[in-house]
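*Asks:* just need the structure, nothing else, for what follows:
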Amino acid sequence: MKSTLHSRKLLFGTCLLALMLGGCFGAGRPTNFYTLTPLQRPTAGPEATPGTIIALYPVLIPEYIDRPQIVTRTDDNQITLSEFNRWGGTLKHELTNVLMQT
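*Replies:* Here you go, the predicted model:
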């Protein structure tokens, strides 16, 4: 009698564990990855003359934004992190590349 009760508890525990693990590894929402691209240059405007040097200082990003998740400001003092929308690379690298291409 004791072994049957023990077997049932063991079977129940195994099934419960399998269901919990199935929920963790099951098909969830896919993660989207994004990169930045520069805006198109205007067709008319000042052009740099040959030999002009333009310096680009290192891009400084606040710590609360420097993360893989895309950060959105929802209020003056509130931000949200999007777990399923992430940067394809580091945000610092993305911003630096866009500024260099502009």
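*Asks:* which residues of the protein fall in strands?
*Replies:* 32-34, 69-75, 78-87 (DSSP state E).
*Asks:* in the chain, which spans are helices?
*Replies:* Assigned by DSSP state H, the helices in the chain fall at 2-25, 91-101.
*Asks:* look up how far E94 lies from the nearest residue to T72 once chain neighbours are set aside.
*Replies:* The shortest distance from T72 to any non-neighbouring residue, by CB to CB, 6 or more residues apart in numbering, is to T80 (5.2 Å). C-beta: built from backbone N, CA, C; applies to glycine. Counting by CB to CB, to the nearest Å, the separation of T80 from E94 is 20 Å.
*Asks:* go on, R8?
*Replies:* Taking CB to CB, one finds R8 at 56 Å from E94.
*Asks:* which of those two has more neighbours?
*Replies:* Remark: of R8 and E94, E94 carries more neighbours, 17 against 10, as counted by other CB atoms under 10 Å.
*Asks:* in the protein, where is pLDDT below threshold?
*Replies:* 1-3, 5-6, 10, 12-13, 15-27, 41-46, 48, 102 (pLDDT under 70).
*Asks:* any idea which residue sits dead centre in it?
*Replies:* R86 (1.9 Å; CA atoms, centre = their mean).
*Asks:* list the contacts for the residue nearest to T72?
*Replies:* 71-72, 74 (CB atoms under 8 Å, 6 or more residues apart in numbering).
*Asks:* out of those, which are buried?
*Replies:* Neighbour counting with 16 or more other CB atoms under 10 Å marks V71 as buried within the contacts of T80.
*Asks:* thank you, goodbye.
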